[in-house]
Structure formats: structure tokens, C-alpha cells
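>>> Provided below are the primary sequence and the corresponding predicted coordinates.
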Amino acid sequence: MTKALILLIMTLALPVLQSYAQNTVGAEWKKDRIEDTLKVKEKEAEKHYIPTWQFGLNGGLAKRLFRSGIIASSAEEKYMDDLKSGISFGANASYFLWRQVGFGLVYDRYQSKASAADGLSENVLIQHLSGSVIHRAVLKSLKTSVISSFMLGYQPYHNKASVDAEHLNFSANTMGWGLSVGIERRLGNRFALNLTGSAMMGAVYRLKKETAFNTSTLHLSKDDHVDLSRASLTLGLRFF
């Protein structure tokens, strides 16, 4: 009798246990499906994310583009090469009103040094602070963009020179403009790397000269003006 009762209870409970097991497995399966769907949506959102605000830092090599004139010796050639070759680094911030077009601020700093055996030396600093108009072309991968910009703004020039043990300071303030083209690769929603080539233009026709005894202003002609044009290649980090 007892065995029959136990058998009856097991027979009645078996469908309930099977139903519970199926519901448990189904719930776990649905949970996994939901988690997988959320992960896919997060990846798709990251892939299609196009930043609006951007802030960047960059640095690299630069070369002045002025004509050297007649070079009489290898020492003069080395001096001019050192004077033309320098470093460029800076920062930028931008805001894109539309997917492809934005506006920004750019700061660039160029430095170079040169010295000769006869005591001649120059320490050049050219700065560039400007507003910019930016075009962004997003490639099919959605993580790579080609960024081009036009810059126009303020360009101070300083040259600390030494001639025959006499120290001279030359300075000027002028306008300058530039163009840049770069490729940018996003590494997430908040960070990107970029490689940018830039060309900056400008010229000085009025130069302030300071010595230990006096200060004067030099008015330069088209033939002897100070050419500030330069080209640079920089590697940068950009934050969103």
C-alpha cells in the first residue's frame, strides 16, 4: 500500500517538476539572449558614435620654407639647415555643428635653434593662435575620419640672436593662415589618434629690434622680409 502511494505521488509530481525545469531553462536562455542583445546594441552605438566636442594635443617635426639664398660653405649650409628644422607642438579644441562641418581654436608653437663657430646664433619661436573651419569626412568603417581645416589668426615671432657677443632680440606681431589635412582613428567613444600634415603661412615686414642700449623698428621690403611659412607633420591625441 505504501509503495503504491509513493508511486502515485511521484507520478503526479513528475509533470510539475518537468514544467519547472523547462521554465528555469527558458528563463536562463531568455536572460542570455537579452544580455547578448544589449552587448550588440552597445557595440553598434559605439561604432556609430560621432563626437561633437573634441580636444586635442599634438607634437612633431617642422621645417621652415624660406629661401636660403647663396650658401658659400658647408658650415653655412649646416647652420641654415639647423635654423630651418625645428619642432612643432600645440593644442586644439573644436565643436561640430553638423556631422561634417565644425569650428575650432588652434594653438601651434614652432621652435628652432642654430649656432655657428664664429659666434652667430639664433633661437627662433613662432606661435600661431587662430580660429579654424573644419571639414570631417567619416569613412565607411565609421571609426576612421579624414579631417581638413583652414586656419586664420594671430602669429607672433621672436628671435633671440647673438652676433659678435652682442645680444639682439627681434620680435614682431603679424597675421597668419594655414591649412591642415589629417587622418584620425577612434579607439573608443572618448579617445582617438591622428596623424596630421600642416602648412602655416605668414610674413613679417615690420620688425622690432632690441639691444642692450636701444630699441628700434625695422621696416622690411618684399625682398628682405622675414618669411614665417613652414610645414609640419605631427602625431596627436584627441579626446571627446
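Now that the structure is in, tell me what you want to look at.
>>> now the host helix or strand of residue 87: buried residues?
Assigned by DSSP states H and E, residue 87 belongs to strand 85-96. Judged by neighbour count using 16 or more other Cβ atoms under 10 Å, the buried positions of strand 85-96 are 86, 88-90, 92, 94, 96. Where C-beta positions appear, they are placed from N, C-alpha and C, glycine not excepted.
>>> need those residues in JSON lines (columns: pLDDT).
As requested, the buried residues of strand 85-96 are exported to JSON lines (pLDDT from 0 to 100):
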{"residue": "86", "pLDDT": "98"}
{"residue": "88", "pLDDT": "98"}
{"residue": "89", "pLDDT": "97"}
{"residue": "90", "pLDDT": "98"}
{"residue": "92", "pLDDT": "98"}
{"residue": "94", "pLDDT": "97"}
{"residue": "96", "pLDDT": "96"}
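>>> give me the sheet partners of the one helix or strand residue 122 maps to and which way each runs.
Assigned by DSSP H and E, residue 122 belongs to strand 121-138. With DSSP bridges as the test, strand 121-138 is paired with strand 101-115 (antiparallel), strand 144-163 (antiparallel).
>>> quick one: mean pLDDT over the first one.
Within the predicted structure, the mean pLDDT of strand 101-115 is 97.
>>> now do stretch 120-129
The average pLDDT for stretch 120-129 rounds to 97.
>>> buried residues, that stretch. List them.
Buried-residue list, stretch 120-129, by 16+ other Cβ under 10 Å: 121-129.
>>> now it: how far from the chain's centre is it?
Centroid separation for stretch 120-129 versus its chain: 22 Å, with Cα atoms, centre = their mean, to the nearest Å.
>>> cool, and stretch 95-102?
That offset, for stretch 95-102, works out to 16 Å (Cα atoms, centre = their mean).
>>> which helix or strand in this protein has the lowest average pLDDT?
In the chain, the helix or strand scored least confidently by mean pLDDT, DSSP states H and E is helix 2-47, which has a mean of 52.
>>> before I go, just wanted to say thanks for your time.
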